Structures are given as structure tokens and as C-alpha cells.
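1. Starting from these lines, generate the structure:
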Amino acid sequence: MPNQANESPHQDPEHPKVGTVRSVLKALVLDYGGVLTDPGEDNPAEPPLLTALRKARQQGLKTALLSNADGWWQPPAQLTAVLDVTVLSGEVGLAKPDVEIYELTARKLDLAPSQCVFVDDLAVNIRGAAEAGMVGVHHRSTRSTLEELEILLAIALRD
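-> Here you go, the predicted model:
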């Protein structure tokens, strides 16, 4: 029988790898255009990935916006209320898919890149995030992105 004192509270003693992801992943980092602005397939009251950000934060995950927007653009107030960190290319002088912008985002979250999940609609940006050490999710539809995030984070992200 495994030593229960050394087990993670999220770990199944019969399957030691099951339930360990949530304890490793501590932040949800999203792109704005094409991801947070995606209205979804079911015409919800708010964009589904905004709901996901809110629910992730309620569950204790850190949240961030990482966008190649210029320094003049600022995210809408409803979005900033659920963000711990905002990183805009125009303000920091770096752009996706440069590895440094993902590392900077993780540092601002006070986490290692490997503790962050990054979602973007451009595959090249996912490759940059993965090169930096983040877990990358290629956004193709809100439904598939939410399904993948719920598996990775082991929490419900939809109403």
C-alpha cells in the first residue's frame, strides 16, 4: 500500500498519475483576438472563454491576457476584473511567438512557464509557448478549447 502521507490530495492511490495535473498547472493565459472575443457556438450571454477565465480564477488559478496588441489598446473593464496580469506587446517590446514574452508573462504571474496553460488561435504562437515551457492549447472552437482546458485543469469552466 502506498504511503498516504506522501500522496497529493488530488491523487488517486490506485492510479498515481491521475489527478496530478491540477496541482502542477496554476495559471490560465489567453490571447484576446480570436480567443477571448470568440462568441462561441451556442450564443451565450458572454464569450465562453471569458466565463472560463472567471471560473478558473474562482478556483484559485491565476489568470493572464497575453496579446500582440499595441500599447494604446487596453482590455475592456469586464475583462480586467478577472485578470491577474495583462501583457501587451506594444507595452513590453516583445511579441508572440518570441519565447521571451511567454517567460515574461510567467514571471509576472510569479510562476514557472511549465505551470501555465496558454491558449491562442494561431499555431505559431502555441509553438512559441511550448518552446518556453508552457502547455499550449490551439483554439479552433470554444467547445473543443473548453473541453481540453477542463481536462488539463481538472475543473469545470462552463455554466
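
2. Where do the helices of this protein begin and end?
-> Applying DSSP state H to the chain gives helices spanning 21-24, 48-58, 77-80, 89-92, 99-108, 123-132, 142-153.

3. Can you add mean pLDDT and give these back as a markdown table?
-> Conversion of the helices of the chain to a markdown table gives the following (pLDDT from 0 to 100):
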| stretch | mean pLDDT |
| --- | --- |
| helix 21-24 | 61 |
| helix 48-58 | 95 |
| helix 77-80 | 86 |
| helix 89-92 | 94 |
| helix 99-108 | 98 |
| helix 123-132 | 98 |
| helix 142-153 | 96 |
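
4. Turn those into TSV, columns for distance to residue 40 and mean neighbour count.
-> Just so you know, the C-beta spots here come from the backbone N, C-alpha and C atoms, and that holds for glycine as well. Output for these, formatted as TSV (distance: least, CB to CB, whole Å; neighbours: other CB atoms under 10 Å):
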stretch	distance to residue 40	mean neighbour count
helix 21-24	24	14
helix 48-58	4	21
helix 77-80	16	12
helix 89-92	26	16
helix 99-108	25	20
helix 123-132	20	19
helix 142-153	4	17
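
5. Throw those into CSV and include distance to residue 65, thanks.
-> Rendered in CSV, the data for the helices of the chain read as follows (distance: least, CB to CB, whole Å):
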stretch, distance to residue 65
helix 21-24, 22
helix 48-58, 9
helix 77-80, 7
helix 89-92, 11
helix 99-108, 9
helix 123-132, 13
helix 142-153, 15
